[in-house]
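*Asks:* got a predicted model here, sequence first, then my questions.
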Amino acid sequence: MKRILLVEDDENIQKLLSEELNDNGYFISVASNGKEALTILKKKDGMKPDLIILDLRMPSMNGFETMGHLLKSRQNIPVVIHTAYSSYRSDVMVMAADAYVEKSHDLKKLKDVLKELLGE
């Protein structure tokens, strides 16, 4: 079972994506901001995610800062930016991600990107 770390501050989106992706056979861990995500990634329990879904606008540590930390630490984990804002697509930190998916009620695009990046 592939592991996904969902970094999202909106509880409704957390629940929706967790349930939907869990139903699709993924194990989902949730962080409400970048600080929580980095804490999860630093744990040495062998639970390293196979992929990260990263929102951009969050409290405490936003997705841009989080992406910078991921790049510095050379985590080598695919990152999917998942945001409601199309205007961030050309940001340098965002361009370092493996994919950019705008939030939508239709999760098909996100699921297709996950399958592609996870080699399914």
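*Replies:* Received, thanks.
*Asks:* show me what the lowest-mean-pLDDT helix or strand in the chain is in contact with.
*Replies:* Using mean pLDDT, DSSP states H and E, the weakest-scoring helix or strand in the chain turns out to be helix 92-95, at a mean of 83. Under the criterion Cβ atoms under 8 Å, 6 or more residues apart in numbering, residues 56, 64, 67-68, 71, 81, 88-89, 100 lie in contact with helix 92-95. To be clear about C-beta, it is placed using only N, CA and C from the backbone, and glycine gets the same treatment.
*Asks:* at 6 Å what do you get?
*Replies:* With Cβ atoms under 6 Å, 6 or more residues apart in numbering as the test, helix 92-95 has contacts from 64, 67, 81, 88.
*Asks:* neighbour-wise, which one of those residues leads?
*Replies:* I81 (26 neighbours; other Cβ atoms under 10 Å).
*Asks:* pretty sure it is touching A97, no?
*Replies:* Yes. Counting by Cβ atoms under 6 Å, I81 touches A97, with 4.6 Å between them.
*Asks:* out of the contacts of helix 92-95, who's nearest L114?
*Replies:* Closest to L114 out of the contacts of helix 92-95 is I81 (12.9 Å), distances taken as Cβ to Cβ.
*Asks:* what about the closest one, distance to E65?
*Replies:* As judged by Cβ to Cβ, to the nearest Å, I81 and E65 stand 13 Å apart.
*Asks:* now do K108: how many residues are near it, please.
*Replies:* K108 has 8 nearby residues by other Cβ under 10 Å.
*Asks:* average pLDDT for the strand or helix carrying F64?
*Replies:* F64 belongs to helix 63-73 when elements are defined using DSSP states H and E. In this model, helix 63-73 carries a mean pLDDT of 92.
*Asks:* run through who's touching it.
*Replies:* Contacts of helix 63-73 (Cβ under 6 Å, 6+ apart): 34, 37-38, 54-56, 93, 96.
*Asks:* what's whatever helix or strand comes next after it packed up against?
*Replies:* Downstream of helix 63-73, the first helix or strand assigned by DSSP H and E is strand 79-83. On a contact count with 3 or more Cβ pairs under 6 Å, 6 or more residues apart in numbering; DSSP states H and E, strand 79-83 meets strand 51-54, strand 99-102.
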